[in-house]
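> Provided below are the primary sequence and the corresponding predicted coordinates.
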Amino acid sequence: MPEAQISTHSSHSSHSQTINKQITLPLTFICFDFEWQILPDAKGNQPFRAASFVDSNGLKKVFLIQDYEKTFGIKAEYALLLEILNFLAKYEYSFGWYSKGFESYNDQKKRIEGKNSDLVMLDKRLKANGISSIVGFNRFGTPYIKGASHIDAMKLYEKPMVKVSIYKNKYTGMGLDMVSQAIIGKGKYKGFSGKDFDSLPTLEDKRNYVLEDSQLVFDILQHNDYEIIKLMLSITNLTGVSFETVCNSGVSTLWTRILDDIILKELERLASIAQINSPRYLLLKKYYDRKAYQKPVFQEENEVYQLLDDNVIEEEENEDDNSFSSSSSEEKQQQKEKHIKFEGGKVIEPIRGEHRNVIVFDVASLYPKMVINYNISFDTVLCDCCKDNLLARVPKEVVHVKDYWICKRQQGIFTERMLHFTNERLKQKKLGNEIDSQGLKILINAGYGVFGYEYFKYFNQDVAILIAAYGRYTLTKMIELAESQGLKVIYGDTDSLFIIKGNNVEKKEDYLQITDKEIEQFKSKCAQILNIEAKHKRTFDKAIIAKKKHYLGILEDKTKQLVIKGFEGIKSDRVKWVRNAFAQVIEDYKNGFNPIPKLKQAISDLEQWNIKEPKKILLKTTKIGKDPEDYENNCISKRIGVELGLRRGDIASYYLADNEKGYTFDVNECSISQYKKMLSSAVKDIVEILGYDVEHDIFSGTTYLSDLL
């Protein structure tokens, strides 16, 4: 049984404390939004036009420049700015949306990139009016409010720990309208954007617009009883990192603080027993003194690893896969993120087709368990003390890119933290402390990923390689255990296996039910032999597996709930007409109906323009991934970006067309054939697996509603 049989020491146990701090909200916080003249005047000035404030006590205030013009004349902006300062001075905590962004000059590309945000513009206008600025700038150029804590809510909700783990990618872009629509079901005032502010027809529209922006930020933060603020406060309590830093930074910052604290205690302990010249003291001191962005202690300059480009472990946080939280905006501003590429999770080639009685097993916390089981830590991999210990060697069947060994004498600092956080999370779950449990989960899942992030202070790609390698090894051994029971694995990905019973997968009647006894037997073997918890996650009555990461299944219970992953028809960048038609195919499959008639009817309705709200259901929305000049190919995103003056991160909306551009902004000029192709691509795998021919059964001839009756 894989398990770390090693010693611990006093500094570890002294750091393993139970959570005892009560999570409380800041007594009062305020959300604000500023509007300024979009086009600079002849002198290059962009005066403030409006400001709004919404606080956690229910106060709402709006100030328009027109409110001051009669009384103050040319000093109207000066008076408006003083009002803004007066409000901000009352609050220790404040939130905005894209409130900390800034323009910067890219030396390589010889151009200005980015956009100035509320705080940058506030600083500019304060200085232009001869008022002392409350805005400061850090060494990366990021603005902050002096003497107070300001959080850019856009950056907070962009964090994978929030966007992916909490909201399951409900929003794709980071515009306030898109995020608020996804989370609270409402968007910006009448669909206007900041560039429309100067042209809004009435003062009442201006007042409502600017107030609604602040209100939306507040409502997002307040959603589900302030769940995101409480989560950030929980992580603050767990790590000792300030609330503002937790909100504004990536998880590499959090883990740096965690490891720094432990290592400092260990260095003090070793010094107290005259061990300052010991290999362990020197190693830990070297890590502790290391600055961010440096190479790891063990990395040799010309060392080459066999790394696979198609499996990059990146910093994004997610419960059940190898992804981790992104770096802070400051780190990105310093230089481009660098992720060391290496072989990631094991993905088993699926048996394409429809399957019955499918059991899905998941390994509970696979990668954290690998860290704990095999003592994988930056201070244990390739240690000095076990170099010649054959028992410390990592088997070649686990990883063969180089010779590895892992310490057998000393429990790793990272190993101990992972074990402590895992046990603490189980305790908090039993106590019903969901927020603390979620905060611990984020730290746990982020912890095993940051070692593959080159700008992490404790970066060590050997740690990242070994965690992923042992994960693949474990899944391989699970397959062997399943097959030893006469079960068949039809698909697997990273930490999950899809298992059936029956040899002839071509005949549905040959699928046998896997008994509860067989399920428990498999789980027991995984626990005894591999020291992992294999969870029976779900059972599908029937499932379609098309290819890697593309499957759907109907649960074998009273709910008959649908689980679907990967298919084009559920992706938010597919037009609503396609998503609706795809959803009908799935509904028909779920209920045992032939999906072809309604598919043909949807196509017929499109061809005859018999569809409701074509402007909405045919509109394609795309996030511009690069600045237009950075696209190597002349793709639609580049062409639209150039035409509309869009930049990276902006959202483009258009209709598919057969003209030279490939798109149009007029729904009446859209291409019926292009939308049919999009639908065909979305449903092709499913209808083919169900035994139909896409071209012959769907796109030949016309079906009318009467055919469905």
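Received it, and whenever you're ready, just let me know what you need. Here the structure is a predicted model, which means the values were calculated and not measured.
> contacts, neighbours, all on C-alpha from now
Noted.
> Find the residue closest to residue 576 in space, skipping its chain neighbours.
Using C-alpha to C-alpha, 6 or more residues apart in numbering and skipping the chain neighbours, the partner closest in space to residue 576 is residue 617 (4.5 Å).
> Check the gap between that neighbour and residue 179 for me.
Separation of residue 617 from residue 179 (C-alpha to C-alpha, to the nearest Å) stands at 20 Å.
> More neighbours: which of the two?
residue 179 (24 against 16; other C-alpha atoms under 10 Å).
> Now do the SS call for the more buried one.
Assigned by DSSP: H, G, I helix; E, B strand; the rest coil, the conformation of residue 179 is helix.
> was I right about it contacting residue 173?
Yes - contact criterion C-alpha atoms under 8 Å: residue 179 and residue 173 qualify, at 7.3 Å.
> Give the next helix or strand downstream of the helix or strand of the chain with the lowest mean pLDDT.
In the chain, the helix or strand scored least confidently by mean pLDDT, DSSP states H and E is helix 329-334, which has a mean of 37. The helix or strand immediately downstream of helix 329-334 is strand 347-348, counting by DSSP states H and E.
> after that next one, next one along is what?
Past strand 347-348, heading to the C-terminal end, the next element that is a helix or strand (DSSP H and E) is strand 353-363.
> so what does that next one touch, helix or strand wise?
strand 496-500, strand 534-547 (3 or more C-alpha pairs under 8 Å, 6 or more residues apart in numbering; DSSP states H and E).
> Which among the ones you listed is found nearest to residue 270?
Proximity of the helices and strands packed on strand 353-363 to residue 270 was assessed by C-alpha to C-alpha; the nearest stretch is strand 534-547, lying at 39.7 Å.
> can you pull the buried residues of the closest one?
Residues of strand 534-547 classed as buried: 534-536, 538-547 (neighbour count, 16 or more other C-alpha atoms under 10 Å).
> And the residue nearest the centre of this protein?
Within the chain, one residue has its C-alpha closest to the average C-alpha position: by C-alpha atoms, centre = their mean, that is residue 160, at 2.7 Å.
> Need phi/psi at the nearest residue to residue 450 once chain neighbours are set aside.
Here the nearest residue to residue 450 in space, its sequence neighbours aside, is residue 252; by C-alpha to C-alpha, 6+ apart that works out to 5.9 Å. Dihedral angles phi and psi of residue 252 (degrees, to the nearest 10) take the values phi -60, psi -30.
> any chance you could map the helices in the stretch 601-709 of the chain?
614-617, 636-644, 672-689 (DSSP state H, counting those that start in this stretch).
> Adding distance to residue 574 and mean pLDDT, write the ones you listed out as TSV.
TSV is the format used below for those (distance: least, C-alpha to C-alpha, whole Å; pLDDT from 0 to 100):
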stretch	distance to residue 574	mean pLDDT
helix 614-617	10	96
helix 636-644	15	93
helix 672-689	8	95
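> To residue 479, which of these lies closest?
Closest approach to residue 479 among those is made by helix 672-689 (25.2 Å; C-alpha to C-alpha).
> so that closest one versus strand 353-363, what angle?
Following axes from the mean of the first three to the mean of the last three C-alpha atoms, to 10 degrees, one obtains 80 degrees for the angle between helix 672-689 and strand 353-363.
> list the helices and strands helix 672-689 packs on?
Taking 3+ C-alpha pairs under 8 Å, 6+ apart as the contact definition, the neighbouring helices and strands of helix 672-689 are strand 534-547, helix 576-590, helix 596-607.
> can I get those in TSV with mean pLDDT and distance to residue 66?
Putting these into TSV (pLDDT from 0 to 100; distance: least, C-alpha to C-alpha, whole Å) gives the following:
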stretch	mean pLDDT	distance to residue 66
strand 534-547	96	60
helix 576-590	96	42
helix 596-607	95	49
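> do you know which of the ones you listed lies nearest residue 96?
Comparing these against residue 96 with C-alpha to C-alpha, the closest turns out to be helix 576-590 (31.2 Å).
> How about residues contacting the closest one?
Outside helix 576-590, the residues within contact range by C-alpha atoms under 8 Å, 6 or more residues apart in numbering are 554, 560, 562, 569-571, 594-596, 598-599, 602, 616-619, 675, 678-679, 682-683.
> Buried residues in that helix, which are they?
For helix 576-590, by 16+ other C-alpha under 10 Å, it's 576-579, 581-582, 584-586, 589-590.
> Would you map the helices across the stretch 151-300 of the chain?
With DSSP H, counting those that start in this stretch as the criterion, the stretch 151-300 of the chain has helices spanning 153-158, 160-163, 176-184, 203-239, 243-248, 251-272, 279-289.
> pLDDT of the second one, averaged?
Over the span of helix 160-163, the pLDDT mean works out to 90.
> tell me the contacts of the spatially closest residue to residue 371 that is not a sequence neighbour?
Ranked by C-alpha to C-alpha, 6+ apart and with sequence neighbours excluded, the top spatial neighbour of residue 371 is residue 415, at 5.9 Å. For residue 415, the contacting residues are 371-372, 375-377, by C-alpha under 8 Å, 6+ apart.
> possible to save the residues you listed as a markdown table with distance to residue 361, secondary structure and neighbour count?
Listed next are the contacts of residue 415 as a markdown table, based on distance: C-alpha to C-alpha, whole Å; DSSP: H, G, I helix; E, B strand; the rest coil; neighbours: other C-alpha atoms under 10 Å:
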| residue | distance to residue 361 | secondary structure | neighbour count |
| --- | --- | --- | --- |
| 371 | 21 | helix | 27 |
| 372 | 21 | helix | 22 |
| 375 | 25 | coil | 28 |
| 376 | 25 | coil | 29 |
| 377 | 28 | coil | 27 |
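> May I ask which two of those are separated the most?
Of all pairs drawn from the contacts of residue 415, the one with the longest distance (C-alpha to C-alpha) is 372 and 377, at 9.2 Å.
> care to break this structure down by domain?
29-246, 248-342+379-459, 578-708 (automatic domain parsing).
> Nearest to residue 353 among those domains would be which one?
Among the domains of the chain, domain 578-708 comes nearest to residue 353, with 5.5 Å by C-alpha to C-alpha.
> element containing residue 429, please.
Taking DSSP H and E as the criterion, residue 429 maps to helix 413-430.
> what helices or strands is the helix or strand that comes right after that helix leaning on?
Downstream of helix 413-430, the first helix or strand assigned by DSSP H and E is helix 434-447. Contacts defined by 3+ C-alpha pairs under 8 Å, 6+ apart place helix 434-447 against helix 203-239, helix 251-272, helix 413-430.
> Which one of those helices lies nearest to residue 626?
Comparing these under C-alpha to C-alpha, the one sitting nearest is helix 251-272, at 25.2 Å.
> What mean pLDDT does that closest one get?
Taken as a whole, helix 251-272 carries a mean pLDDT of 94.
> Buried ones in it, by neighbour count?
For helix 251-272, burial by neighbour count (16+ other C-alpha under 10 Å) applies to 251-260, 262-263, 265-267, 269-270.
> Poorly predicted segments of the stretch 151-300 of the chain, please.
Applying pLDDT under 70 to the stretch 151-300 of the chain picks out residues 292-300.
> I'd guess residue 30 is in a strand, am I close?
Yes - per three-state DSSP, residue 30 lies within a strand segment.
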